[in-house]
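Asker: Based on what follows, work out the 3D shape:
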Amino acid sequence: PLRDVYKETVAGTSARGADAEADDRAERAIATSAKDLAEHEFAVSNVLNSLRAHGSDFRSTGPYPLRLPNLWHLASDVSGALSDGSSALDLVAALHPTAAVAGSPTETAMALIAELEPFDRGRYAGPVGWIDANGDGEWAVALRCARFDGDTVTAYAGAGIVAGSVPERELAETALKFRPIVEALRSR
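Answerer: Below is the predicted model:
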């Protein structure tokens, strides 16, 4: 059975700077943003609460700025020990759907999403990974993904909406998250 768990939790996003000085400012801004820190804490708390039912001594370190090619995220490392013999699939079931994407409480939020969103999310935000014969595995959330159907490509990305979210900024953040998908498709 699986014994140790490690999960990098990512929530809170901002654009990279156009040059080194602007990038340093962008890194400092996300590290001190009340809105992004609250969004991140929400995600980390959800992960910890989901995992604590399966073991002990779960803790997080962070948040810290995580530099990606086109954006900054806030990230925290969550780790702990399992005590109930859970497999990687048991943990996927406990963590999916993540509150960072679905909201909380999960059942109420999912019902509201189904009512308000004009499309089916399909595989967006679903678990992607592997599991071996021992029940060990690695999983991630498909937060930026695309589906190919003949000549049609449907790309998915989103933003975490919390108190303090500004709709225009969240839309710009979503466009920023689409950029790697669009660039990858242009190179085809």
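Asker: low-scoring stretches of this protein, by residue?
Answerer: Scanning the chain for pLDDT under 70 picks out 1-2, 188.
Asker: 50 - rerun?
Answerer: Applying pLDDT under 50 to the chain flags the ranges 1.
Asker: Okay, strands next: where are they in it?
Answerer: In the chain, the strands defined using DSSP state E lie at 4-15, 55-67, 71-82, 127-131, 137-141, 145-149, 152-156.
Asker: Report the buried residues of the first one.
Answerer: The neighbour-count criterion (16 or more other C-beta atoms under 10 Å) identifies V5, K7, T9, V10, A11, G12, T13, S14, A15 as the buried residues of strand 4-15. To be clear about C-beta, it is placed using only N, CA and C from the backbone, and glycine gets the same treatment.
Asker: and it, C-alpha only, in PDB?
Answerer: Taking C-alpha atoms only, strand 4-15 is exported to PDB below (Å, rounded to 0.1, in the frame of the first residue of the first chain):
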ATOM      1  CA  ASP A   4       3.900   8.600   1.600                       C
ATOM      2  CA  VAL A   5       2.100  11.400  -0.200                       C
ATOM      3  CA  TYR A   6       3.500  14.500  -1.900                       C
ATOM      4  CA  LYS A   7       1.400  17.000  -3.700                       C
ATOM      5  CA  GLU A   8       2.300  20.300  -5.100                       C
ATOM      6  CA  THR A   9      -0.700  22.600  -4.800                       C
ATOM      7  CA  VAL A  10      -0.900  25.500  -7.200                       C
ATOM      8  CA  ALA A  11      -3.400  28.300  -7.000                       C
ATOM      9  CA  GLY A  12      -3.000  32.100  -7.600                       C
ATOM     10  CA  THR A  13      -1.700  33.300 -10.900                       C
ATOM     11  CA  SER A  14      -0.200  36.400 -12.500                       C
ATOM     12  CA  ALA A  15       1.600  37.300 -15.700                       C
END
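Asker: Now for T154: which residues touch it?
Answerer: G122, A146, R147 (C-beta atoms under 8 Å, 6 or more residues apart in numbering).
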